[in-house]
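Q: model the structure of this input:
(chains A and B)
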Amino acid sequence: MKINILIGGKAGQGANAAAILLGEILTEYGYYVFNYRDYPSLIRGGNNFNIVAVSNRKIKSHDKKVQLIVALDENTIKEHKTGVNKNTPVISIKDVYMDDKFKKVSNVFILGLLLKFLDLPLDLLIKKLEEIFKGKKFLPLDKEAAESGYNADMKKLKLTKSEINRLDIRAKLRKPAHKNLRLLSGSDAIAKGAIKSGIDIYLAYPMTPATPVLHLLAGRQEKDNITVFLAENEIAVANAALGSSHTGARTMVGTSGGGYDLMTEAMSMQGISEIPLVVYLAQRPGPGSGVPTYTGQGDLNIALNASHGEFPRVVIAPGDVEESIKCTNEAFYFAEKYRALSILLGDKHVSESQFTYEKEPKLIKVKRNIDLKKVNGLYKNYDFTKNGNSKRSVPSVNIVKSTSYEHDEKGITIEDANMAKKMYDKRLRKEETMKKEVKKFQTYKIHGRKTSKNLIVGWGSTKGAIIDAIHDMDAKFLQLIYIKPFPKEVRKYLENAKKVILVENNATGLLSQEIRKETGFEIKDKILRYDGRPFEEDILREEIKKKLI
Amino acid sequence: MAKKPELSTNAAPTWCPGCYNFFILKAVQNVLEKMIKQGKLKQENIVMATGIGCHAKIFDYLNVGGVYSLHGRTIAAALGMKLGNPNLTVFGFGGDGDTYDEGVSHFVHNCRYNADINMIVHNNQIFALTTGQGTATSEEYAVTKAQPEGLKIKPMNPIAVALELGATFVARAFAGDMEHMTKIIEEAVKHKGFSLIDILQPCLIFHNKLESMNKQFYKLEDKKHDFKNLDLALKKAREWDYEDEKSGIPLGIFYKVREPTLNEKLSNQKKLMEKGKGWFQVKR
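A: Numbering: from 1, shown residues only, chains lettered A, B, ... in the order given. Model prediction:
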């Protein structure tokens, strides 16, 4: 059983804040929650909404069909009480008396009302408000609004008795037994993963949907002793990151597709200079400025290939919060150990959705891989080692030259054919070494019924909807986490399945193209969505069922 | 006194014979040698960022560490190094095409940021390594292979731009006057904050106005210029528009003021400075 509550209003009315509060209350109460956020690119007005899905089962997605619409304005009803939700009951702020003084906190008022409606104690909300807004000037008003909403006259709501009964979460869902659950967004998880991996510097230029990580880390500078700097553009960000990492600072940058495009020359320089770098690439629909506040998986190819020349890189795609923490950690590990470019490929749907977070994944200690031994003269920054991975040192210890030109072992420019090939070969050897090391990690996962002959294939943010959609079906799900180096051994799953279906949030099935390239296996059945919206559990289930007939 | 540092690498220079870049390299080496001997600098604590172009070959010849960056990205890479370890002495070497064309956004904003970076622009008023096209500081009337009718665009005045944007040390030097150029570089290194030294450097192959320029040069210090006065500095900056062959060309320090640097203003950076550490020395 899964109940979906849609909360909507104009931008600025606080639908998202109400959904977060509701989500946190339900999570702490012991339910599994998934909070989907949908908002257009504007600051005031429009229609922002969230769908808070709640269940006793481990859900990671929402449904298209919702069981309740909570409307902070008339437009929310007009926008959402249509299609599959034509008969969905509505709690509208317009249908209850609310004192004018609560106008600016109508989201808290309606949340109070909602709690009463769901037969949950008001105390949960009051405590939550006190916890989040401790010491804030508006806390007393918020608490008053919550109470007033809780005690509002429900009779005026245009709801039938049976509609009300249908919604009693506590009656529908078994008593929650889960403890220590928390709600975490993908962005929270990326920031957490970066801090746990010992990040020193985060550089960025604002771009949705990578911006929340910038805000989160900026807010943690004092507590975690890190520097966050917003530079003049993404080109500055990427090149300054190489400069900072050259000095030994553990550095990460964050952006979306457009900003990444601007950074690609510097990514190529990373390849030749072998300065460690972690890039968080949060996708949104393109081309161009696309649909900026929505989601998509159309940037796989730039993550895998963009930048001139040939050089090793790691591309890791987390599908939920636990994986976001773990993949960020591994991204830092590879960057630091192999002086590599690690790309953490996320998207709006993971970064701005909230997931129930149970326990911290096991993380690797990221060691500072820096040679502190002083040498005479220029440090051999590009030592010709057998495995292709050279030690590095830093300024203030040694004289170290990192360069964008082809170079000798000490980083001096060369144009000689033999040396040019030798240095290229060194980097290619490093790629082979990295491929071996990657095998130690969980590069893919199989979810669902392990014995099933029906195989769904996907990556990144579609994970939640796919797992939820097939939870009671005869199907299993192959989730690719490392797209580069590609785990070629997944070929056996593809070949042993009777039916293989690709699910992707893009128009041409980019992962299937990569799978074909890496394994030779061609996936013919595809469920693709590229309208900027993520897959919902119920819609995806129907799509998969159709393919399985 | 420390022993004489080795400030040249073994790399064989590929600048044209007689190129003024040799003079700039020498001037920088002179300053570093003096300050290292005085114990004011440590060779391993000095880093440089370069762009791409003739100027950038200095990366291979000067025996200090750093990042041989991409075209235009000198200052971004330099800023990164300064944020990565605020205790380093950071040089940026850029060309005019590099700094004022391709990388102008970094130039503009770093004048505002005021990180302690010594930015040396080898301004030969031409894209030289790409065989002679007009840059942001080429004359409107300059005829090149890419601009056969002349540029038709007025040059930019980087000195005036830097002053307006709040750079805290703004100077112009001439690559042919070793003593004066060396003195200005030394002053820039001693200055805490973003320093711009625009070094006029004839290109013997593609842009050589040595004859007229030699008649135009004069030194600001000879005219008792008050470098603490921004209005006067701007007035002096506007005296030469980077193309007039008749007006005087002032050389020297236009403006110098001590203001808090970016690293001093960012609390965690300040902590690193107080402890004399880079991030790589922070235990996590």
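Q: quick check: pLDDT value at the spatially closest residue to A:G464 that is not a sequence neighbour.
A: Spatially, and ignoring its direct neighbours in sequence, A:G464 is nearest to A:K60 (3.1 Å; Cβ to Cβ, 6 or more residues apart in numbering or on different chains). In this view, the C-beta of every residue, glycine as well, is placed from N, C-alpha and C. The predicted local confidence for A:K60 comes out at a pLDDT of 97.
Q: what pLDDT does A:I272 get?
A: The per-residue pLDDT reported for A:I272 equals 98.
Q: repeat for B:N118
A: Looking at B:N118, its pLDDT is 98.
Q: go on, B:K3?
A: The confidence metric pLDDT takes the value 74 at B:K3.
Q: same deal with A:D416?
A: According to the prediction, A:D416 has pLDDT 97.
Q: just A:S256 next, same as before
A: Per the predicted model, pLDDT is 98 at A:S256.
Q: and it, how many neighbours?
A: 27 (other Cβ atoms under 10 Å in any protein chain shown).
Q: mind checking the longest helix of the chain?
A: By default, I'm working from chain A. Counting residues, the longest helix in chain A under DSSP state H turns out to be helix A:417-438.
Q: can you look at chain B instead?
A: Assignment by DSSP H; longest helix in chain B turns out to be helix B:21-37.
Q: residues making contact with the helix or strand just after it?
A: Following helix B:21-37 in sequence order, the next helix or strand is strand B:46-50 (DSSP states H and E). Contacting residues not belonging to strand B:46-50 are listed as A:243, A:246-247, A:395, B:32, B:56, B:58-59, B:62, B:64-69, B:73-75, B:77-78, B:81, B:88-94 [Cβ atoms under 8 Å, 6 or more residues apart in numbering or on different chains].
Q: buried ones in the helix or strand just after the longest helix of chain A?
A: Heading C-terminal from helix A:417-438, the first helix or strand you meet, by DSSP H and E, is strand A:444-448. Judged by neighbour count (16 or more other Cβ atoms under 10 Å in any protein chain shown), strand A:444-448 contains these buried residues: A:Y444, A:H447, A:G448.
Q: how big is the angle separating the helix or strand following strand A:444-448 from strand A:444-448?
A: Toward the C-terminus, strand A:444-448 is succeeded by strand A:454-459 as the next helix or strand (DSSP H and E). For strand A:454-459 against strand A:444-448, the angle by axes from the mean of the first three to the mean of the last three Cα atoms, to 10 degrees is 140 degrees.
Q: C-alpha coordinates for the next helix or strand after strand A:454-459, CSV please?
A: For strand A:454-459, the following helix or strand on the C-terminal side (DSSP H and E) is helix A:463-469. Only the C-alpha atoms of helix A:463-469 are listed here, as CSV (Å, rounded to 0.1, in the frame of the first residue of the first chain):
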residue,chain,number,x,y,z
LYS,A,463,16.1,3.1,-10.2
GLY,A,464,13.4,4.0,-7.7
ALA,A,465,10.5,3.8,-10.1
ILE,A,466,11.8,0.5,-11.7
ILE,A,467,12.3,-1.3,-8.4
ASP,A,468,8.9,-0.1,-7.2
ALA,A,469,7.1,-1.0,-10.4
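Q: who does helix A:463-469 touch, helix- and strand-wise?
A: Secondary-structure packing of helix A:463-469 (3 or more Cβ pairs under 8 Å, 6 or more residues apart in numbering or on different chains; DSSP states H and E): strand A:444-448, strand A:476-480, helix A:537-548.
Q: contacting residues around that helix?
A: Applying Cβ under 8 Å, 6+ apart, the external contacts of helix A:463-469 come out as A:2, A:34, A:59-61, A:319-320, A:323, A:353, A:355, A:447-448, A:456, A:458, A:477, A:479, A:503, A:534-538, A:540-541, A:544.
Q: before we move on, back to that, just the buried positions in the longest helix of chain A, please.
A: Using 16+ other Cβ under 10 Å as the test for burial, helix A:417-438 gives A:M423, A:K426, A:R427, A:R429, A:K430, A:E431, A:T433, A:M434, A:K435, A:E437, A:V438.
Q: now do stretch B:34-50
A: Along stretch B:34-50, these residues count as buried under the neighbour rule (16+ other Cβ under 10 Å): B:M35, B:I36, B:L41, B:K42, B:Q43, B:E44, B:N45, B:I46, B:V47, B:M48, B:A49, B:T50.
Q: now do the strands in the stretch 1-150 of chain B.
A: Shown for the stretch 1-150 of chain B, the strands assigned by DSSP state E, counting those that start in this stretch span residues B:46-50, B:65-68, B:89-95, B:117-123.
Q: okay if I get the buried residues of helix A:417-438 as CSV plus pLDDT and distance to chain B?
A: Below are the buried residues of helix A:417-438 laid out as CSV (pLDDT from 0 to 100; distance: Cβ to the nearest Cβ, whole Å):
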residue, pLDDT, distance to chain B
A:M423, 98, 14
A:K426, 98, 18
A:R427, 98, 17
A:R429, 98, 23
A:K430, 98, 20
A:E431, 97, 22
A:T433, 98, 23
A:M434, 98, 22
A:K435, 97, 28
A:E437, 97, 22
A:V438, 97, 24
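Q: pull the number of nearby residues for the nearest residue to A:N505 once chain neighbours are set aside.
A: Distance criterion Cβ to Cβ, 6+ apart; nearest residue to A:N505, sequence neighbours excluded, is A:Q297 at 4.1 Å. The burial count assigned to A:Q297 is 27, neighbours taken as other Cβ under 10 Å.
Q: isn't A:Q297 right next to A:T462, touching?
A: Yes - taking contacts as Cβ atoms under 8 Å, A:Q297 lies within contact range of A:T462: 7.4 Å.
Q: overlap of the contact sets of the two?
A: The contact sets of A:Q297 and A:T462 overlap at A:E504, A:N505 (Cβ under 8 Å, 6+ apart).
Q: show me what contacts A:A191?
A: Taking Cβ under 8 Å, 6+ apart, we find A:A191 in contact with A:V213, A:L216, A:L217, A:R220.
Q: closest one to chain B out of the residues you listed, please.
A: Ranking the contacts of A:A191 by separation from chain B, with Cβ to the nearest Cβ as the measure, puts A:R220 on top at 10.9 Å.
Q: list the contacts of the closest one.
A: With contact set as Cβ under 8 Å, 6+ apart, A:R220 has these partners: A:A191, A:I195, A:I226.
Q: and A:T88, by the same measure?
A: For A:T88, the contacting residues are A:L6, A:K65, A:V66, A:Q67, A:L68, A:I69, A:H80, A:K81, taking Cβ under 8 Å, 6+ apart as the criterion.
Q: find the nearest non-adjacent residue to the closest residue to chain B within the stretch 351-500 of chain A, please.
A: Among residues of the stretch 351-500 of chain A, the one nearest chain B by Cβ to the nearest Cβ turns out to be A:T403. It sits 3.7 Å away. Of all residues beyond its chain neighbours, the one nearest A:T403 is B:Y68 (3.7 Å), with distances taken as Cβ to Cβ, 6+ apart.
Q: just grab the bridge partners of the one you found for me.
A: Beta bridges link B:Y68 to A:T403, B:T50, judged by DSSP bridges.
Q: got a list of what it touches?
A: Residues touching B:Y68, when contacts are defined by Cβ under 8 Å, 6+ apart, comprise A:273, A:401-405, A:411, A:413, B:49-50, B:56, B:59-60.
Q: A:T385 touches A:K426, doesn't it?
A: Yes - proximity of A:T385 to A:K426 meets the contact threshold set by Cβ under 8 Å, at 7.4 Å.
Q: up against chain A, what does the stretch 151-284 of chain B have?
A: In this structure, the stretch 151-284 of chain B approaches chain A at residues B:L266, B:S267, B:N268, B:Q269, B:K271, B:G278, B:W279, B:F280, B:V282, B:R284, judged by Cβ under 8 Å from any Cβ of the partner chain.
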